[in-house]
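S.K.: Here you go, sequence then predicted model.
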Amino acid sequence: MSILKRPTPHFNARPAGSGVSLVVLHADAAKSEGSTIGWLNDPASKVSYHYLIGRDGTVYQFVADELRAWHAGVSTFNGVPNCNDYSIGVSFSNDQVSEPFPLVQIDAGVALVAMLCGRHKLAVDRITTHAVIAPGRKKDPGPKFQLTSFMTRVGAVLP
């Protein structure tokens, strides 16, 4: 898989002893990957993902896995707060409302998330969405994202 590096200044170190134990799926709510890339590099945004998957399946990396990206905000997973501390943020370019997710984009997402799960020794139950970790505050990746199918496909690729 080809991953294009697009470093952002919006990251910091993970807390001592914090490794990667979760993947959080997002949708950027933007009309183009270019606008998202610009926003992630704007000093005013203070937002970042580890990865962004474009509508054409292009994968961009903004923050190294071992560093803490700023994608989750106020969040909790299985009773553990501050998801940014221990998660990798993967976003899909999508408006989160009416736009379908192209198959090429989903295919790239499955490959990326399966690779991340293998690299960090994560089971499928360690993949979640922004809506789950920030209920009432966030809704992404949105109603058009077929989460069950996505998880099944990732699980089928994992050892």
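M.R.: Yep, that arrived.
S.K.: Just grab the bridge partners of the most centrally placed residue in the chain for me.
M.R.: Centroid-nearest residue in the chain: Val90, 1.4 Å away (criterion: CA atoms, centre = their mean). Assessed by DSSP bridges, Val90 has beta-bridge partners Leu25, Tyr51.
S.K.: Likewise for Phe77?
M.R.: Val80.
S.K.: Buried residues in the lengthiest helix in the chain, which are they?
M.R.: Assignment by DSSP state H gives helix 103-120 as the longest helix of the chain. By 16 or more other CB atoms under 10 Å, the buried positions in helix 103-120 come out as 105-106, 108-117. All C-beta spots, glycine's among them, are computed from the backbone N, C-alpha and C.
S.K.: Likewise for stretch 93-104?
M.R.: Here stretch 93-104 shows 93-94, 96, 99, 101-102 as buried, counting by 16+ other CB under 10 Å.
S.K.: where's it relative to the chain centroid, distance-wise?
M.R.: 14 Å (CA atoms, centre = their mean, to the nearest Å).
S.K.: which residues sit against it?
M.R.: 27-33, 36, 52-57, 92, 105, 139-146 (CB atoms under 8 Å, 6 or more residues apart in numbering).
S.K.: Out of those residues, which end up buried?
M.R.: Here, 16+ other CB under 10 Å leaves 27-30, 33, 36, 52-55, 57, 92, 105, 139-142, 145 buried among these.
S.K.: so who does Pro81 touch?
M.R.: Ser75.
S.K.: pLDDT wise, what is it at?
M.R.: Per-residue pLDDT puts Pro81 at 98.
S.K.: and Arg153, how many residues sit next to it?
M.R.: Around Arg153 there are 18 other residues, counting by other CB atoms under 10 Å.
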